[in-house]
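Undergrad: Dropping the sequence and predicted coords here.
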Amino acid sequence: MSKTATELKAEILRLTREYSALTHQNNRPGYEKNQIARPKFVPGQTVVPYAGRVFSEDEVEAAVSATLDFWLTLGPEGDAFEAELAKFLKVKKSILVNSGSSANLVAISSLTSAKLGERQLKPGDEVITVAAGFPTTVAPILQNHLVPVFIDNDPVTLNGRVDQLEAAYVPGKTKAVMMAHTLGNPFELAAVTEFCKKHNLWLIEDNCDALGCRYDGQLTGTFGDLSTQSFYPPHHLTMGEGGAVNVIRDMKLKVLVESFRDWGRDCWCASGKDNTCNKRFGWKLGELPEGYDHKYIYSHLGYNLKPLDPQAAIGRKQLDKLPDFIQARMDNWTTLRTGLADLEEFFEFHLPTHATGWSPKGFTWDSTGHKTECSWFGFMMLVKPTAPFSRRDFVRGLDAAKIGNRMLFGGNLLRQPAFVTLKQQQPDAFRVIGDLKGADRIMNESVFVGTYPGLTPEMLGYMIETMHTLVKKS
């Protein structure tokens, strides 16, 4: 007797889970107590990644199931993921895109819409941002013919120096602030939101490294007008590729974000729907003839930046595990900080924003009354100039020991070839506040290792032991 399609799918998914359980043991969470099936960790031979995909048979089954349904383009799984992410963050709407970089591009582009009237960002308007970080926090500002104004970084928190905000502000020209919560550490949201409110500025939070972080108990990515997420494998949850733009409060921004994501079209019909507005052939826009098909009217110069539905299916399973992933990042950071506490002579360690120090009992805090909780993207160290070894020597030692490490992305972006060339060719393309000594310190001294949920206790212990060995050899 032949099987029904339902029975066949159930059998395929059963075998999928069985296959995944056999072949993807290295990608399971490191905090799982039962690690029997994971290959034995061999110090110096087994690679300790700085980040990576962490998943189980749940995600593999979800991806295969969605693929068998063969919707492919963003559909029911995407709708569900957007609703679940928005509920987690407690924002009005989350809109999926194909990467965190695309999320930044769509977020800043949406604020250039003429539909915003007097608050529209226009060519030549200035956007305050931060010198050291990832380039695609800044690139969309320039790509939209806006002028980035760079403030310096605090080398210990890695975030923007809010004491420079007023110096960066020019009445009539400054229109927005776009900053990242760097490496899972919230920037000073109290000061930044007060500054934006005072001067009626847009605020975009680049929350790509910081999903699950909190400032005074509130999740980051929920303070500004828009925020962005990345779901690339090193991030807090993964869809393989993917990202999101979060609309925090004002739903008029939803239509603009979706327009720039979806070719710039004026229509807001979901995929597979043709007449949400009930006047598909009743609009008169631009110089088009009256009644031109609303599905092919374009109010913006947009893009096609949607992910796929099977990716969203993976993301939904990841979202279920996000609280455990966040806790693992916090725990792993604490393990590393405790194990390296006797190396403060050689390293200046990362601190949460508003923290003044760390001890095994926890953090001490400044007098502002504000506190942060970090869902750490990595464990950052600055190699002190007085250390008997250089940052370069140290990272070579980590590489030789097969311990993954990274510098803070692009370092001081103003030293990158793209920005050096831009300054030569267009001297007025951006402005800089101060001497950027903090960003230069980050560029010259910083290195971070992993805190991601795939790290096992054996890996963390090996990392600590290796760093002690490298210091002793110097």
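TA: Done, it's in.

Undergrad: quick one: the strands in the stretch 351-474 of the chain?
TA: Taking DSSP state E, counting those that start in this stretch to define them, one finds strands in the stretch 351-474 of the chain at 355-359, 362-365, 372-373, 378-383, 431-432, 446-450.

Undergrad: What pairs with the third one, parallel or antiparallel?
TA: Pairing partners of strand 372-373, with direction, according to DSSP bridges: strand 214-215 (antiparallel).

Undergrad: for the chain, what spans make up the helices?
TA: Using DSSP state H, the helices of the chain run over residues 5-23, 57-69, 76-89, 100-110, 139-143, 165-168, 189-199, 252-261, 309-339, 391-400, 417-425, 437-445, 457-473.

Undergrad: which residues touch the last one?
TA: With Cβ atoms under 8 Å, 6 or more residues apart in numbering as the contact definition, helix 457-473 has outside contacts at 30, 41, 43, 46, 48, 332, 335-336, 339-340, 343, 346, 389, 394, 397-398, 401, 403, 449. Where C-beta positions appear, they are placed from N, C-alpha and C, glycine not excepted.

Undergrad: Identify the residues contacting the residue nearest the centre of the chain.
TA: Nearest to the geometric centre of the chain sits C208, at 1.0 Å (Cα atoms, centre = their mean). Applying Cβ under 8 Å, 6+ apart to C208 gives the contacts G100, A103, N104, F134, A180, T228, Q229, S230, H235, G243.

Undergrad: My understanding was that the last one contacts F231; is that so?
TA: Yes: using Cβ atoms under 8 Å, G243 makes contact with F231 at a distance of 5.8 Å.

Undergrad: what sits in contact with each of these two?
TA: Going by Cβ under 8 Å, 6+ apart, residues that sit against G243 and also against F231 are G100.

Undergrad: Those two: which has the busier surroundings?
TA: When G243 is set against F231 and neighbours are counted by other Cβ atoms under 10 Å, the residue ahead is F231, at 31 against 27.

Undergrad: list the contacts for that one?
TA: Under the contact definition (Cβ under 8 Å, 6+ apart), the residues listed for F231 are G100, L237, T238, M239, G240, E241, G242, G243, A244, Q311, G315, Q318.

Undergrad: Throw the contacts of C208 into JSON lines and include distance to L436, thanks.
TA: As requested, those are exported to JSON lines (distance: Cβ to Cβ, whole Å):
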{"residue": "G100", "distance to L436": "24"}
{"residue": "A103", "distance to L436": "26"}
{"residue": "N104", "distance to L436": "21"}
{"residue": "F134", "distance to L436": "16"}
{"residue": "A180", "distance to L436": "16"}
{"residue": "T228", "distance to L436": "24"}
{"residue": "Q229", "distance to L436": "28"}
{"residue": "S230", "distance to L436": "25"}
{"residue": "H235", "distance to L436": "27"}
{"residue": "G243", "distance to L436": "28"}
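
Undergrad: Name the member of those with the most neighbours.
TA: Using other Cβ under 10 Å as the contact criterion, the top neighbour count among the contacts of C208 goes to A103, which has 33 neighbours.

Undergrad: I'd guessed that one sits against L226; true?
TA: No: the criterion here is Cβ under 8 Å, and A103 misses it with L226 at 9.1 Å.

Undergrad: Mind listing the shared neighbours of those two?
TA: If you check A103 and L226 against Cβ under 8 Å, 6+ apart, the residues they both contact are V245.

Undergrad: one step back: roughly how far does the residue nearest to the centre of the chain sit from G243?
TA: When distance is defined by Cβ to Cβ, to the nearest Å, C208 is 7 Å away from G243.

Undergrad: what is in contact with these two at once?
TA: Both C208 and G243 are in contact with G100, A103, T228, Q229, S230, where contact means Cβ under 8 Å, 6+ apart.

Undergrad: follow-up on the earlier one: so which of the helices of the chain is the most packed in?
TA: Relative to the other members of those, helix 100-110 carries the highest mean neighbour count by mean count of other Cβ atoms under 10 Å, namely a mean of 27.

Undergrad: tell me what it is packed against?
TA: When contacts are defined as 3 or more Cβ pairs under 8 Å, 6 or more residues apart in numbering; DSSP states H and E, helix 100-110 packs onto strand 93-97, helix 139-143, strand 174-180, strand 202-206, strand 226-230, strand 243-247, helix 252-261.

Undergrad: Just the mean pLDDT for it, thanks.
TA: Model confidence over helix 100-110, given as mean pLDDT, is 98.

Undergrad: which residues are in contact with that helix?
TA: With Cβ under 8 Å, 6+ apart as the contact definition, helix 100-110 has outside contacts at 95, 97, 121, 127, 136-137, 139-141, 143-144, 146, 176, 178, 204, 206, 208, 226-232, 235, 243-245, 253, 256-257, 259-261, 300, 302-303, 305.

Undergrad: which residues touch the closest residue to L116 other than its chain neighbours?
TA: With sequence-adjacent residues excluded and distances taken as Cβ to Cβ, 6 or more residues apart in numbering, L116 is closest to L256, at 7.6 Å. Under the criterion of Cβ under 8 Å, 6+ apart, the contact list for L256 reads S110, L111, S113, K115, L116, H300.

Undergrad: Recalculate using a threshold of 7 Å.
TA: With contact set as Cβ atoms under 7 Å, 6 or more residues apart in numbering, L256 has these partners: S110, S113, K115.

Undergrad: In TSV: the helices of the chain, plus distance to A270.
TA: As requested, the helices of the chain are arranged in TSV below (distance: least, Cβ to Cβ, whole Å):
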stretch	distance to A270
helix 5-23	25
helix 57-69	17
helix 76-89	8
helix 100-110	17
helix 139-143	26
helix 165-168	40
helix 189-199	32
helix 252-261	9
helix 309-339	13
helix 391-400	48
helix 417-425	38
helix 437-445	43
helix 457-473	44
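
Undergrad: No further questions, thank you.
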